[in-house]
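A.B. asks: I need the structure of the sequence given here:
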Amino acid sequence: MTTTTFFLFQPVPLYLCPSADINNIMKKVLLIALLVAAQALAAQTPETYTNSRGDRHIAGPFDLDLLRTDTTFKKWYDTNSQKFSLKGESTKWKKSLKNTQVDIYLGTWCGDSKRWVPQFVKMWTDLGLSEDRLKFTALYDGIEKYKQGPNQEEKGLNIHRVPTFIFKEKGEEYARIVEFPRNDLEQDLAQIAVGYASEPNYRAATYLLNLFETTSIEDIWKEANKHLSEVYHLVGKDSELNTLGYVLDRSDRKEQALLVFQMNSIIYRYTPRAFANFGKALEDADRKEEAIVAFKRALELDPKNETAKERLAVLAPEEEGQ
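C.D. replies: Prediction:
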């Protein structure tokens, strides 16, 4: 995918300019053109990094050809692309997607991204839809920039799982697929095309993210039991809220993350990980005594929980061995 930039300017009649001025003007025009070209190239050149396991990955907007040609990614891209084929049923609904842009956020480190992104592209192109309507952005793994882009390309988009496919028309989102299809890719896309999209996966996380967009943390706490009840009936498993808490925490939304981790520890009150993560959030908020209680509960449920053991050794060393 390439971007062409046009400049509209009023040229200066050359017969009014001394030759020296002509040279200066031409140099300035050339310099501007080079700068614009460099910016356009930089916008399409993603950052390459090596994660904690020594694996090479990319972050930022990128051209799809990178996955198809780079030996680091080509094998899994080709393997999973070949797994998709159209069912052979009527696809008249595809006409409704001709003006749709799909923004795809993924992780080259993520198993679901490796599986579903190649298959989605294969489906899209097999339907005869333009590949130019697909826009790709890779996000980081790791602790510091967990599921973030180099320039926070994901900010404000409620990205908490990858891959996330955001369907837009005239710049407005009207549907999304989160991490994996609810039915299968072709059926999900057909439902989106005819205006009956399935509700995205991770309904509890979606509920909370929408709540955070519209309601202050203070007002949420005023109706905490009501929101907890909603989340309880929507959540699938503890990892849903656990991942959301991490995403919020790493993007510096500490109070929201703390609320999510606390809800997780209430709903999954027999899950050691829920209490260990709640304890870490409390520790980050300088609520030491409450953090100690949470870590102790994690150890009661799982005496081998390394996170709880490690943090209690720091926060309450006098109790170690008791």
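A.B. asks: surely residue 266 touches residue 228?
C.D. replies: Yes: taking contacts as C-beta atoms under 8 Å, residue 266 lies within contact range of residue 228: 6.5 Å. C-beta coordinates here come from the backbone N, C-alpha and C atoms, glycine included.
A.B. asks: would you map the strands across the chain?
C.D. replies: Taking DSSP state E to define them, one finds strands in the chain at 47-50, 56-62, 101-106, 134-138, 164-169, 172-178.
A.B. asks: now those in a markdown table, with mean neighbour count?
C.D. replies: Formatted as a markdown table, the entries for the strands of the chain read as follows, by neighbours: other C-beta atoms under 10 Å:
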| stretch | mean neighbour count |
| --- | --- |
| strand 47-50 | 14 |
| strand 56-62 | 21 |
| strand 101-106 | 21 |
| strand 134-138 | 22 |
| strand 164-169 | 19 |
| strand 172-178 | 18 |
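A.B. asks: output those as CSV; include the columns mean pLDDT and distance to residue 282.
C.D. replies: Output for these, formatted as CSV (pLDDT from 0 to 100; distance: least, C-beta to C-beta, whole Å):
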stretch, mean pLDDT, distance to residue 282
strand 47-50, 92, 31
strand 56-62, 96, 30
strand 101-106, 98, 30
strand 134-138, 98, 33
strand 164-169, 98, 29
strand 172-178, 97, 29
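A.B. asks: between those strands, which gets nearest to residue 209?
C.D. replies: Nearest to residue 209 among the strands of the chain is strand 172-178; the distance by C-beta to C-beta comes to 10.8 Å.
A.B. asks: strands paired with the closest one, and their directions?
C.D. replies: Using DSSP bridges, strand 172-178 pairs in its sheet with strand 164-169 (antiparallel).
A.B. asks: report the angle between the strand it pairs with and strand 101-106.
C.D. replies: Between the direction of strand 164-169 and that of strand 101-106, the angle (axes from the mean of the first three to the mean of the last three C-alpha atoms, to 10 degrees) works out to 170 degrees.
A.B. asks: next one: strand 164-169 to chain centre, how far?
C.D. replies: Taking C-alpha atoms, centre = their mean, to the nearest Å, one finds the center of strand 164-169 at 12 Å from the center of the full chain.
A.B. asks: which outside residues touch it?
C.D. replies: Strand 164-169 is touched from outside by 99-106, 120, 157, 173-179, 192, 197, with contacts defined as C-beta atoms under 8 Å, 6 or more residues apart in numbering.
A.B. asks: what's the answer for stretch 207-218, then?
C.D. replies: By C-beta under 8 Å, 6+ apart, stretch 207-218 touches 158, 160, 220, 227, 230-231, 234, 241, 244, 253, 255-256, 259-260.
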